[in-house]
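Student: got a predicted model here, sequence first, then my questions.
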Amino acid sequence: MKTKLLILDMDGTVRRPKSARSKFIDDPLDQEVIPEAQRAIAHYKAQDWIIVGATNQGGVAAGHKQLEDAIQEQYQTLKLCPQIWCIYFCPDYEGLFCWLSTLKSEEVSSPIHLGWGAKYRGSFRKPGAGMLLAAIENGLGYRKPEHQVLYVG
């Protein structure tokens with residue numbers, strides 16, 4: 001059976017701030033899912049795609065928000081769009097750290113750079129491939145020719 005994985009960038013692709021204060025989400029509750037993105041996500045979900053998010057969170061490294069804010073931002077997005085299985089995010093400029101947020105576990109977020117994802121350390125930040133490779137590994141086990149992976153961002 002062919003497994004299909006859709007990896008989505010978050011900011012400006014799936015979600016946006018509700019207020020016009022900034023082009024970035026400053027408050028985890030000040031966000032909405034872009035209606036067109038919601039329709040596309042529903043379409044892919046109906047076709048049995050596994051859907052995950054991947055987002056740089058440079059605002060943490062820049063000092064515009066705290067790591068806890070970024071964790072809560074991902075959690076809120078998952079609540080607004082439960083078709084998304086999980087969200088990976090990199091809060092540093094060097095691509096050293098990657099967190100996984102999900103609604104399906106007791107832990108809201110966990111650092112994959114300390115465990116199974118450590119091999120991608122240093123390449124998590126997009127356009128590096130580490131976060132995407134981690135999503136493929138976690139979503140599909142590993143990439144086989146019969147699997148299909150799309151990234152939209």
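Tutor: That came through fine. Computed from a prediction, not measured in an experiment: that's the story for all the values here. Numbering: from 1, shown residues only.
Student: what segments of the chain are helices?
Tutor: Secondary structure of the chain (DSSP state H): helices located at 35-46, 58-61, 67-80, 130-140.
Student: pLDDT weak spots in the chain?
Tutor: 1, 105-108, 140-146 (pLDDT under 70).
Student: again, only using 90
Tutor: 1-3, 19-24, 26, 103-112, 114-116, 137-149, 153 (pLDDT under 90).
Student: the nearest residue to residue 126 once chain neighbours are set aside pairs with what?
Tutor: Spatially, and ignoring its direct neighbours in sequence, residue 126 is nearest to residue 56 (5.5 Å; Cβ to Cβ, 6 or more residues apart in numbering). Where C-beta positions appear, they are placed from N, C-alpha and C, glycine not excepted. Beta bridges link residue 56 to residue 90 when assigned by DSSP bridges.
Student: tell me which of the helices of the chain sits most buried.
Tutor: helix 130-140 (a mean of 21; mean count of other Cβ atoms under 10 Å).
Student: list the helices and strands it packs on?
Tutor: Counting contacts by 3 or more Cβ pairs under 8 Å, 6 or more residues apart in numbering; DSSP states H and E, helix 130-140 is packed against strand 4-9, strand 50-56, strand 86-90, strand 148-152.
Student: mind doing that once more with 7 Å?
Tutor: The elements that helix 130-140 packs onto, with contact taken as 3 or more Cβ pairs under 7 Å, 6 or more residues apart in numbering; DSSP states H and E, are strand 4-9, strand 50-56, strand 86-90.
Student: could you give the angle of that helix to strand 148-152?
Tutor: 140 degrees (axes from the mean of the first three to the mean of the last three Cα atoms, to 10 degrees).
Student: the residue nearest to residue 126 and residue 90 touch, don't they?
Tutor: Yes. Here residue 56 lies in contact with residue 90, judged by Cβ atoms under 7 Å, at a distance of 5.4 Å.
Student: can you work out which residues contact both of these two?
Tutor: residue 125 (Cβ atoms under 7 Å, 6 or more residues apart in numbering).
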